[in-house]
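**Student:** Take a look and give me a structure for this.
(chains A, B, C and D)
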Protein chains: 2
Amino acid sequence: MREIDASNALSDRLRPVARTSLSEEIIAQIMDLIQRNVLRPGDRLPPERELCKRFGVGRSSLREALRSLSAMGVVEGRVGEGTFVNDNQQFVQKALQWGMLLDRKMVGDLIETRLMLESETAFWAAQRGDKEDLNHVDETLAQMKGALDDSSLFLEADLRFHMAVARATHNTLLVSLLEATRGYLQEWIERSLAGEERSEERARLSLEQHVEIVSALRRGDGTAARAAMVEHLLSSSLDLRTHFPEG
Amino acid sequence: MREIDASNALSDRLRPVARTSLSEEIIAQIMDLIQRNVLRPGDRLPPERELCKRFGVGRSSLREALRSLSAMGVVEGRVGEGTFVNDNQQFVQKALQWGMLLDRKMVGDLIETRLMLESETAFWAAQRGDKEDLNHVDETLAQMKGALDDSSLFLEADLRFHMAVARATHNTLLVSLLEATRGYLQEWIERSLAGEERSEERARLSLEQHVEIVSALRRGDGTAARAAMVEHLLSSSLDLRTHFPEG
DNA sequence: AAATAGCTGATGGTCAGACCAATTGCAAAT
DNA sequence: ATTTGCAATTGGTCTGACCATCAGCTATTT
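**Tutor:** The predicted model follows:
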């Protein structure tokens, strides 16, 4: 009898057959529907019991699929109402959120990675941002100016500023990554800076730096925008490190 | 009778009660165990039927939790064997994988984002990489040299090179992100370059560029490393774009 | 007429028990 | 010593049931 062993060339072509579970199949199908815009954000899925018939599976398998999608933030189930497709696709967010929970050291890595991403973000925003994008950035700048005396509000506007810049790159992945990182850091930043003296002074300095960034963006000067962003991030992270000596 | 309406100060303190499902509770608990290193990668969880008793829940709830963790890549169930904690924490990978499935445009964004990340990666690898890290990089370089005539093998070694550089930064988040992006692009790159003429010539050029990067890393010259990496990535992505005109 | 209370059906969340298929480990047979 | 075959374990799936919640309708009260 002809044997098939490791030395046989055939064995290299013998890949393990794809043994995908029912739930994974269902996940893929629903994902596909969302991708092709058949299911749009806010839409309600058919009731579970009906989906069971349509997919030809038991309720367990279907629910395991829906639960997975729910854990990833794709859909959301509401008792008595139904299951709905979420508006914001927050995969990356969710993933980082869980990952962060797993690995505390990641906070340091996060700050560092954000610096990398945001500096280049500024560059591309200057290159690609259109008038509307820049107007949005300006709006957030105005919000910051109006919140100089409220550090919490100021930080929120600050966050919106950076997000507006990210959106100006027209790179959705970048936006997701920054939302994830900054969103996670936000709470921690707020706590670190609470009850801080000279908060208004610091806000004023921060505002100046943001103005500098916007100016570079308006000129379409990517290099200057990047430099201004780096300076801003370094200065503010330095501010944070004084509260978090282990960095 | 005293009413409670919107104008009552009390109403501000009435927050919606947290209604977390059983599976989410279980997910959080297992995540916590992994985070605290009680459950280590490769470990086998107790059988489902036993976990049910321990958690005091039905099997549905438990399985929905495990399925979610499985979809996120935290654990992996094998019929007849058990459920195991995955070695590599591939949250980001999985997330991007799903996200990519949702948004085809993301491929372009991915290439762009990778450029941002990898250029800075080279910089930090030069700054922080120790001797051992650089030796690993050298190993992959040798593998590339030995695979000049096999484009598939060459690409694999190429991937390992970039990962080794990433690990030299000692930033785990960065490693995850690059693994996710590059891993996803790999298959597509391979397809694009298959049956290409002058593949050996291109490999030789690519190798030169990699040598340049290593040289800068060895000198600890972050700026030069970044520059070399950018040149390499731009040149190779240009190569790709000829196969993918819509970029 | 308007506001309120109560009912009903639909729906997601959970449970219990059953069966299937894959895997492992051991014992029997060769 | 190797192979074969059986039994137990385990994840995967199905079914039917019950609960809590919510939306919408109806009947009651004001």
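**Student:** Can you tell me which residues in chain A are near DNA strand D?
**Tutor:** A:21-23, A:52, A:56-61, A:64, A:78-81 (Cβ under 7 Å from any atom of the strand). For the C-beta atoms, the positions are set from N, CA and C on the backbone; glycine is no exception.
**Student:** Neighbour-wise, give me the winner out of the residues you listed.
**Tutor:** A:Glu64 (28 neighbours; other Cβ atoms under 10 Å in any protein chain shown).
**Student:** can you map out the helices along chain A?
**Tutor:** In order along the chain, chain A carries the following helices (DSSP state H): A:22-35, A:48-55, A:59-71, A:91-102, A:106-128, A:131-145, A:151-168, A:172-193, A:199-219, A:222-241.
**Student:** want to throw the ones you listed into CSV with distance to DNA strand C and mean pLDDT?
**Tutor:** As requested, the helices of chain A are arranged in CSV below (distance: least, Cβ to the nearest atom of the strand, whole Å; pLDDT from 0 to 100):
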stretch, distance to DNA strand C, mean pLDDT
helix A:22-35, 12, 90
helix A:48-55, 4, 94
helix A:59-71, 5, 95
helix A:91-102, 16, 68
helix A:106-128, 29, 88
helix A:131-145, 35, 95
helix A:151-168, 30, 92
helix A:172-193, 24, 78
helix A:199-219, 42, 92
helix A:222-241, 38, 87
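**Student:** Which one, of those, ends up nearest to B:Ala216?
**Tutor:** The closest of those to B:Ala216 is helix A:106-128. By Cβ to Cβ, the value is 17.7 Å.
**Student:** okay, the angle between the closest one and helix A:199-219?
**Tutor:** 40 degrees (axes from the mean of the first three to the mean of the last three Cα atoms, to 10 degrees).
**Student:** do stretch A:165-174 and chain B meet at all?
**Tutor:** Yes. Using Cβ under 8 Å from any Cβ of the partner chain, stretch A:165-174 reaches chain B at A:Asn171, A:Thr172, A:Leu173, A:Leu174.
**Student:** Double-check the first one against B:Leu110; I have them as touching.
**Tutor:** What it means is A:Asn171. No. The criterion here is Cβ atoms under 8 Å, and A:Asn171 misses it with B:Leu110 at 9.2 Å.
**Student:** who has more neighbours, these two?
**Tutor:** Higher neighbour count among A:Asn171 and B:Leu110: A:Asn171, with 25 against 22, using other Cβ under 10 Å.
**Student:** okay, now the residue lying closest to the more buried one once chain neighbours are set aside: neighbour count?
**Tutor:** Nearest non-adjacent residue to A:Asn171, counting by Cβ to Cβ, 6 or more residues apart in numbering or on different chains: B:Asp109, 4.5 Å away. B:Asp109 sits with 21 neighbouring residues when counted by other Cβ under 10 Å.
**Student:** Likewise for A:Ser176?
**Tutor:** For A:Ser176, using other Cβ under 10 Å, the count is 26.
**Student:** per-domain residue ranges of chain A.
**Tutor:** As given by automatic domain parsing, the domain ranges for chain A are A:7-97, A:103-241.
**Student:** starting at the chain centroid, how far to the last one?
**Tutor:** The reference is to domain A:103-241. 15 Å (Cα atoms, centre = their mean, to the nearest Å).
**Student:** Spit out the contact partners of A:Val165.
**Tutor:** A:Val165 makes contact with A:Glu118, A:Thr121, A:Ala122, A:Ala125, A:Gly129, A:Val137, A:Ile213, A:Leu217, according to Cβ atoms under 8 Å, 6 or more residues apart in numbering or on different chains.
**Student:** Among these, name the ones that also lie close to chain B.
**Tutor:** Answer for the contacts of A:Val165 near chain B (Cβ under 8 Å from any Cβ): A:Thr121.
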